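**Q** Could you work out the structure for the sequence below:
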Amino acid sequence: EDDIKLGAWLNTQRQQKKKGDLDDFRKKRLEDVGALRSEKWENNYRLQMERNEITWNKMLNLLKIFKECKGHCSVPRSHMANGKSLGNWLQKQRCKKKKGDLDAFREKQLEDVGIVWNILSEQWEKNFLLLSNFQQREGHSNVPKKSHRKWYEAW
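**A** Sure thing, here's the model as predicted:
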């Protein structure tokens, strides 16, 4: 394989296909072994990408509506909007970002809406603020584990 520079040869075949210079017999043989994408495959791929873009825009709009109504983007995982699982979708976007698989443009779109990437860190900060306020009000930080009334309701 290395002696005949197989990769360079295959690249030439792909270029010939693109120019329309590859005969149908060779094109079919290369498609059959997965070296070339068929026109049908490319059309299906294009349609799938269009569907993904439409779905992305719908979900992003649902997130914007959620934020308008609730004032934040901390969507519960089980939250449904217009029959769509907005919470699960948002969690998938967080996972994609963590893995480095989220498109930079989409990441920016989510950040512009106000998404919090690390919800555990955000929750910790919120709870610490509540504790700090409790300590200032009560003069101590001994918050009871159980209470019939939430200690922060007094604010």
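
**Q** who touches the regular element (helix or strand) spanning residue 25?
**A** Under the criterion of DSSP states H and E, residue 25 resides in helix 24-32. Helix 24-32 has contacts (CB atoms under 8 Å, 6 or more residues apart in numbering) with 13, 17, 22, 36, 37, 38. Yep, even glycine has a C-beta here, placed from its N, CA and C like the rest.

**Q** one more time with 7 Å
**A** 13, 17, 36, 38 (CB atoms under 7 Å, 6 or more residues apart in numbering).

**Q** before we move on, which element is the second one in?
**A** Okay, so that is residue 17. helix 6-19.

**Q** per-residue confidence at the most centrally placed residue in the chain?
**A** The chain has residue 93 as the residue nearest its centroid, 2.3 Å off, counting by CA atoms, centre = their mean. On pLDDT, residue 93 comes in at 97.

**Q** now stretch 16-31: mean pLDDT?
**A** 93.

**Q** Quick one: end-to-end distance for that stretch.
**A** 14 Å (CA to CA, to the nearest Å).

**Q** No further queries at this time; thank you.
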